[in-house]
Structures are given as C-alpha cells and as structure tokens.
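**Student:** what follows is a predicted protein model with its sequence.
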Amino acid sequence: MTSPDFDHPREHDIIPVKQDGSVRWNMIGRTISHYKIVDRIGQGGMGVVYKAHDIRLDRPVALKFLLPAVFKEPSDLHRLVQEAQNTAALNHPNICTIYEIDEQDGETFISMAYLDGQSLAQKIRTNKLSIVEATEIARQITTGLQAAHQQGIVHRDIKSANIIVLPDGLVKILDFGLAEACNGAAKKFSDRVTGTPSWMSPEQLRGDSTDHRSDIWSWGVVFYEMLTGQLPFVASKHRSLVNTILEDQPQQPSKLNSKVDPFLESVVMKALSKDAKLRYQNASEILDDLQKVCESFDSATLALEETKELVAVTSKPSIAVLAFADMSEHKDQQYFCDGIAAEIINQLSQIPALHVASQTSSFSFRDQSIDIRDIGQRLGVTTVLEGSLRKAGDDLRITCQLVGVGHGYHLWSQQYERKLKDVFIIQEEIAKHVTEALKLELTDTEKNALGKAATLNIEAYDFYLRGREFFYGARRKTIQFALEMFRHATEKDPNYSRAYAGIADCHSYLYMHFGGDHDDLGQALKASEKAIDLDPNLAEGHAAYGFALSLSNRLEQAEQEFETALRLNPNLFEAYYLYARMCFAQKKLSKSAKLYETACDVCQAGYQAPLLLALTYKAMGDYSKANALYSRGLKLAEAHLELHPDDSRAYYLAASALAGLGEKEKAVEFAQRALAIDPDDAAIIYGMACLHAQFGNIDNALDHLEKAIAAGFLHRDWIENDADLLPIVGHPRFEQALAKIG
C-alpha cells in the first residue's frame with residue numbers, strides 16, 4: 001500500500017505529533033496486538049502507515065495509525081469505527097479490503113490489505129497514460145464506486161493518490177468511508193472540510209450536503225488528470241483554487257491531448273458539471289458510456305496497447321541503453337561511442353531495482369531506423385536511453401535523452417560539452433540523471449557503484465574500448481587484435497581489472513575455437529585470476545574465470561564462479577550463456593535449458609541463445625519446443641545478418657536452424673556462405689559436420705568432423721552430447737575421431 005502524499009522518512013526519523021506534549025516514535029520492530037511492524041510506508045493527513053506482518057494469519061498487512069488529535073471525543077472514534085465496519089463489509093476487487101479497526105496502548109489503528117503497487121498519482125507523473133489504459137483504469141474505479149454507492153457508502157476523498165494500480169493492472173481504491181469520519185472529527189478543531197481541494201466537488205467546497213454524486217465529480221477530475229496529465233483546476237492559493245472550481249470551466253481535454261475524441265470528452269465534462277443534477281446520477285450510467293468508448297477503439301489503438309503490455313514484462317523500472325551514434329567528422333569513433341554506452345549499462349546494472357537490457361540486445365539495433373516504442377517492445381523495457389557523440393581531438397560533445405516507450409516523449413535530456421579527460425565524469429552523471437528521472441531511491445552502496453570508474457587512465461580506456469570492438473568480431477584475427485588492445489590497456493593501467501578479464505576471454509576463445517593451445521588456456525586462467533584479485537566484485541572477471549575453468553574441466557569451481565558472476569550482475573548475458581554451454585556438455589540438460597532460457601530473456605534480440613536452447617530441447621527429445629526456438633532464432637539471425645553480412649557464426653547457426661526445420665537447400669546455402677567467409681574456422685567446419693549428419697550424408701559428416709578436430713575443435717564432451725550428430729554416433733570413424741581428442 002503506497003501513497004505519494006506520504007513523506008518518506010529516514011529509517012530512524014522521529015515522528016512528532018502533538019499529544020499532551022509526547023511524541024510518536026518509530027514503531028518498526030514493535031508488536032501491536034497480533035501485528036509485528038516491519039517497515040514504515042509513509043505519513044499522511046490522517047496518520048502514519050506501516051507495513052506489518054499478521055502473526056495470527058501469516059500475511060502482510062498495512063496498518064494505519066490514526067493521529068490522536070483527530071479524535072477528541074468518544075463520538076468521533078465511534079463514527080470512525082462505524083465507517084470502518086461498513087467499509088469492511090464491502091467485498092469488491094476494486095476496493096482495498098479493511099480487516100479490522102483496533103486500539104492498544106492508546107494507539108488506534110486500522111488493519112487493511114497490503115498492496116504492493118504504484119499509486120495512480122505516481123503513474124501519471126512518471127508515464128503518460130494512453131487513452132485505452134486511462135479508460136480501463138477509470139472503468140475499474142467506477143465499478144468500485146458502484147459497489148460502494150449501492151451499499152450507501154460514499155468515499156468523499158477520491159483522488160489519484162488514493163488509487164493503487166497493481167503490477168497485473170488491477171485497480172484498488174483506498175480509504176473508503178474513512179475520510180468523512182476522520183475529517184468530521186477534525187472539523188471540531190480546524191476549519192478543514194472533508195476531501196482534498198483539487199479533487200473536491202463544488203458542493204463540498206461550499207459546505208453543502210453531499211452524496212454519491214460528489215464522488216462522481218472527483219472521479220471526473222481523476223479521469224481528466226489521466227487523459228491530460230494535469231488537473232482541470234489549478235491555482236497557487238487555496239482561496240483562488242476554490243473560486244476557480246466554483247466559477248470557471250476547465251480547458252477541454254482534447255486541447256491538451258488530441259487523442260481524446262468528442263464522445264470521450266463529453267463523458268469527462270459531464271462528470272465535471274458544477275450542478276450535481278447535471279452530472280451522471282450514478283456509476284452505472286458512467287459504465288454504460290465507458291462501454292461505448294471501449295467499442296469505439298479501433299484495431300490500431302488496441303494493437304498499441306498490446307505492445308505496451310508486452311513492454312511491461314516486469315514490475316521493476318526497466319531500461320535499454322542503445323549504442324550511441326558516432327557524429328564525429330570521420331565517423332571513426334564508433335568504438336568509443338559503444339564504450340560509453342556499455343559503461344552506462346555496467347553502472348546501471350549495479351542497481352537491483354532496475355531491469356537493464358543486455359548490451360548484446362541493445363546494440364543489435366545499431367544503424368536501424370526503428371521507432372523507440374518498437375525497440376522498447378522488442379526488448380521488454382519501459383524506457384530507452386539513446387545518444388550521440390562527437391569527438392574532435394580532446395573535445396567531446398555528448399547528447400543523450402531518456403525516452404518513455406509508452407508515449408515516446410523525453411523524460412530527460414542533456415548535452416555535455418567537455419574535454420576527453422572528463423568522459424568518466426560524464427558517464428557517471430548520465431547514469432545518475434537516469435536514476436533520478438526514473439525516481440529510483442539508491443542505497444549508499446549503489447550510489448558509490450555509479451561513481452566507480454574501472455580506470456581513470458584515458459589511454460587505457462581507449463585501448464580497452466578498441467579491444468572490445470575487435471573481440472565482438474569473433475574471428476581469429478579480430479580476437480588476436482582484441483588481445484593486443486587489452487594488453488596495451490593493462491600496460492597503461494596495470495590495475496585495470498576489466499582489461500584483464502578481456503585478455504582472459506580472448507585466450508579462452510582462442511583455445512576453444514582455434515587450435516586448443518594449452519598455453520592459451522593457462523593465460524586465460526592467469527588473466528582472469530588477476531582480474532578478480534584487482535576487483536573481487538567484477539562480474540565479468542568471475543565469468544571469465546568460470547569460462548577458463550570450464551575449459552580446464554574444473555567444473556565445480558567453474559560453476560561457483562558463474563554463480564558469483566550472476567549474483568554480482570543478474571543481467572550479464574555472457575555468464576548465463578557460457579554457464580549453459582558448460583551444463584550442456586555435462587549432460588545437465590534441464591539446467592542448461594533453464595540457463596539458456598534466462599539468457600534469451602536477458603538478450604531478447606540475440607540469436608545464439610535461442611538456437612542453442614533449441615539444440616538442448618532436441619537433445620531432451622522435446623522437438624516441439626526445439627522447432628519453435630529454431631524459428632525464433634532463425635528470424636533473429638537473419639535480421640542480424642542484414643546488418644552484419646560477414647558474420648560466419650550467424651550463418652552456420654542459422655544453417656543449423658534451417659536444417660532442424662527441414663529446409664535443406666537453404667541450410668546448405670547458409671553453411672557454404674559461412675565456410676566461404678572463414679574456411680579454417682574449426683567451429684564452422686564442425687557445424688558442417690552437424691548439417692551433413694542431419695541430412696543423412698554420413699561420409700560427408702564424418703569428413704567434416706575429422707577436419708574440425710584437426711583444426712582445433714577438441715570439445716569431446718560437446719560432440720558426445722550433440723543431438724545433431726546422432727546419425728553418426730557409434731560409427732567406427734566417429735569413435736576414431738573422438739579417440740584423437742583423448
């Protein structure tokens with residue numbers, strides 16, 4: 001249960017409340033009745049709200065402790081108890097359930113359902129609602145009002161802060177019937193009236209008698225607020241606000257949001273009629289008109305809403321950081337642009353409350369003219385950070401903007417004109433501005449993580465970024481170039497832990513795909529251990545060490561390192577991918593599938609994880625899932641190849657998918673393209689062996705398997721478990737080939 005009207009205190013704040021000279025202290029840890037108080041949610045006009053554990057029924061609850069000054073007379077408390085009992089009798093999905101009202105040690109409190117959601121006020125402030133979403137929320141509020149009004153219960157303080165939207169979209173109304181009781185008592189010692197001025201009906205403000213139609217006015221204010229992002233009546237002073245509500249007409253919603261059609265506008269304006277007789281006379285009438293609104297939505301509008309639902313894959317705030325565009329004169333700084341974006345991803349990934357799309361996924365949209373909302377939908381995030389960089393000598397100009405996927409509007413943007421040496425400060429500032437725009441509350445540890453640069457040596461950083469660019473080329477020459485760049489980085493900064501992790505990955509990759517030189521394996525172990533020694537909290541270092549250990553057949557230790565890497569960075573795609581690969585080789589197929597599935601979620605635009613997951617399901621005998629994943633991975637691989645037509649790995653993995661789907665001719669075509677690009681690549685030659693085996697070309701399959709092993713594909717455990725090779729398993733030449741590996 002949350003409310004933006006509450007002031008969120010520090011953990012040990014004292015809460016002063018005038019009560020015969022005493023104060024109300026922090027109650028966290030105390031047990032009141034059968035409730036153990038575990039956290040403070042906030043403080044509002046009626047009291048203080050805590051999250052508590054109901055010891056008797058073993059469930060979380062929200063406890064609202066009411067300010068004693070509100071109840072001077074026994075009749076005041078009696079009125080509150082009566083209202084709470086009436087509200088507790090309401091059993092409706094759109095109304096927050098009240099369990100009981102009780103008093104202990106002079107503390108009067110109400111126990112109600114604990115709602116782990118977002119207030120509508122917060123939702124409106126942070127993300128403009130679409131017409132469909134606003135109408136659906138308005139409909140649910142109306143059904144809650146209808147149920148209460150039919151029981152003779154009027155809320156009298158309907159406002160966006162009293163509406164909670166749960167992660168699954170269910171809407172709950174808070175504090176039903178309590179406002180009148182509490183404020184009725186308060187009026188005895190102040191001139192306040194029931195309700196919150198901006199949402200109050202004219203009759204409330206005049207002090208006239210009110211009924212359920214006053215709630216309908218307030219509902220109209222909330223709906224107006226959802227459709228336009230602002231209140232219909234605004235003034236700087238209370239008296240001016242009252243006069244505005246009593247005398248002025250609000251601006252037409254369509255003037256503020258062109259998507260509001262005339263009929264929808266008429267619904268809102270009818271609810272805001274100053275004369276209660278001209279408003280909707282009951283909630284049922286509103287529901288009838290809202291049904292007509294829903295029927296008017298065209299298929300395009302509904303498709304957009306389906307997209308938004310796909311985006312909301314997690315209740316946590318989420319972001320994708322796209323590769324920054326190179327605006328430099330000679331277009332030769334893309335590696336630097338990628339490095340800045342990657343560093344921001346690394347920093348934001350340190351925040352557990354934020355879901356961050358993987359670099360592999362985010363960067364897959366480079367140089368594509370795709371709408372931000374489309375990208376957000378594909379990556380399953382609600383915000384996207386995009387930017388550009390212009391580098392001229394030591395001068396940097398970096399421009400970036402944070403965009404909300406649901407509406408396409410900027411949540412924050414800024415331009416930085418700095419010197420090259422300031423790049424680390426810029427990265428830190430961008431990450432901090434993003435967390436502020438997303439309204440994330442950071443711990444001291446998380447704040448320190450945002451300000452922690454891997455190196456402060458600009459030359460080392462430049463070499464490291466060049467190394468990353470070469471490494472993702474994934475060919476023997478590019479890996480060797482990357483290794484050279486990473487080594488230069490460590491020469492400039494001997495304490496650069498990420499550069500040592502890069503060195504380790506290069507050596508592991510060379511060992512795995514290009515010859516199986518044990519010197520490479522030794523160097524991989526040495527460099528990854530160095531990375532961890534320099535920074536024990538570097539997830540990439542532990543993943544690199546796990547990779548090297550898995551290649552050394554030190555499997556238990558490798559598993560520990562992968563688990564550590566994922567604990568440090570749950571969004572590290574490479575850790576899931578390499579860990580899954582190791583489990584597949586160990587015949588731990590269920591665990592391998594689970595890890596590959598998570599890798600697919602972390603990197604939704606990547607083609608490798610779904611295709612290897614398909615192979616895993618094939619090995620498990622689940623051909624239905626395997627074929628579905630082959631289709632998914634093939635589409636992603638083909639999209640990747642449109643931008644990277646020289647990626648041999650993408651061609652041969654796509655060929656395996658085509659073979660799995662029975663498209664023989666196209667599979668052969670793709671495999672031949674891969675081999676033409678990298679004829680000496682052991683992994684590609686091995687892929688050809690798998691392809692021929694699937695098509696029943698036994699001799700060709702065995703020829704390519706022998707060539708792959710001779711070229712350095714020495715992964716006996718993988719070969720023995722690869723379902724694509726089943727047609728040749730047990731063949732004398734197959735056994736002889738394995739014997740050469742040892």
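**Tutor:** Yep, it's here. Numbering: from 1, shown residues only.
**Student:** how close does the spatially most distant residue from the centre of the chain sit to residue 698?
**Tutor:** Outermost residue of the chain with respect to the C-alpha centroid, by C-alpha atoms, centre = their mean, is residue 732; its distance is 51.9 Å. According to C-beta to C-beta, to the nearest Å, residue 732 stands 11 Å off from residue 698. Quick note: C-beta positions are derived from backbone N, CA and C, even for glycine.
**Student:** just confirm residue 468 contacts residue 339, I think it does.
**Tutor:** Yes: using C-beta atoms under 8 Å, residue 468 is in contact with residue 339, at 6.6 Å.
**Student:** comparing those two, which residue is more hemmed in?
**Tutor:** A count of neighbours by other C-beta atoms under 10 Å puts residue 339 above the other of residue 468 and residue 339, at 24 against 20.
**Student:** could you check how far the residue nearest the centre of the chain is from residue 354?
**Tutor:** Among the residues of the chain, residue 318 comes closest to the average C-alpha position under C-alpha atoms, centre = their mean, at 2.7 Å. Relative to residue 354, residue 318 is positioned 7 Å away (criterion: C-beta to C-beta).
**Student:** before we move on, the earlier item: got a list of what the residue nearest to the centre of the chain touches?
**Tutor:** 354, 355, 356, 357, 380, 381, 382, 383 (C-beta atoms under 8 Å, 6 or more residues apart in numbering).
**Student:** out of those, which two sit at the greatest distance?
**Tutor:** Farthest apart among these by C-beta to C-beta are 354 and 380. That separation is 13.5 Å.
**Student:** can you tell me how far residue 587 is from residue 197?
**Tutor:** From residue 587 across to residue 197, the span is 68 Å (C-beta to C-beta).
**Student:** how long is stretch 508-524 from one end to the other?
**Tutor:** End-to-end span of stretch 508-524 (C-alpha to C-alpha, to the nearest Å): 6 Å.
**Student:** give me the helices and strands touching the one helix or strand residue 112 maps to, please.
**Tutor:** Assessed by DSSP states H and E, residue 112 sits inside strand 107-113. In this structure, strand 107-113 makes packing contacts with strand 59-66, helix 74-88, strand 98-104, judged by 3 or more C-beta pairs under 8 Å, 6 or more residues apart in numbering; DSSP states H and E.
**Student:** number of residues surrounding residue 247?
**Tutor:** Look at residue 247: counted by other C-beta under 10 Å, it has 9 neighbours.
**Student:** swap in residue 239?
**Tutor:** Counted with other C-beta under 10 Å, residues neighbouring residue 239 total 8.
**Student:** please apply the same query to residue 419.
**Tutor:** Count around residue 419 with other C-beta under 10 Å applied: 12.
**Student:** tell me the domain ranges of this protein?
**Tutor:** As given by automatic domain parsing, the domain ranges for the chain are 15-113, 118-176+187-301, 313-450, 455-570.
**Student:** pLDDT below threshold where in the stretch 551-700 of the chain?
**Tutor:** Within the stretch 551-700 of the chain, no range satisfies pLDDT under 70.
**Student:** again, only using 80
**Tutor:** Low-confidence segments of the stretch 551-700 of the chain (pLDDT under 80): 571, 602-605, 643-644.
**Student:** got it, and the stretch 201-350 of the chain?
**Tutor:** 236, 238, 294-316, 329-330, 349-350.
**Student:** run the last query once more with 90
**Tutor:** Within the stretch 201-350 of the chain, the stretches with pLDDT under 90 are 204, 206-211, 229, 234-244, 247-248, 255-263, 288-320, 322-350.
**Student:** show me where it has helices.
**Tutor:** Along the stretch 201-350 of the chain, the segments classed as helices by DSSP state H, counting those that start in this stretch run 202-206, 212-228, 238-247, 253-256, 262-271, 283-296, 299-311, 334-348.
**Student:** which other residues reach the fifth one?
**Tutor:** Read that as helix 262-271. With C-beta under 8 Å, 6+ apart as the test, helix 262-271 has contacts from 131, 135, 216-217, 219-220, 223-224, 227, 250, 252-254, 260, 278-280, 286, 289-290, 292-293, 296.
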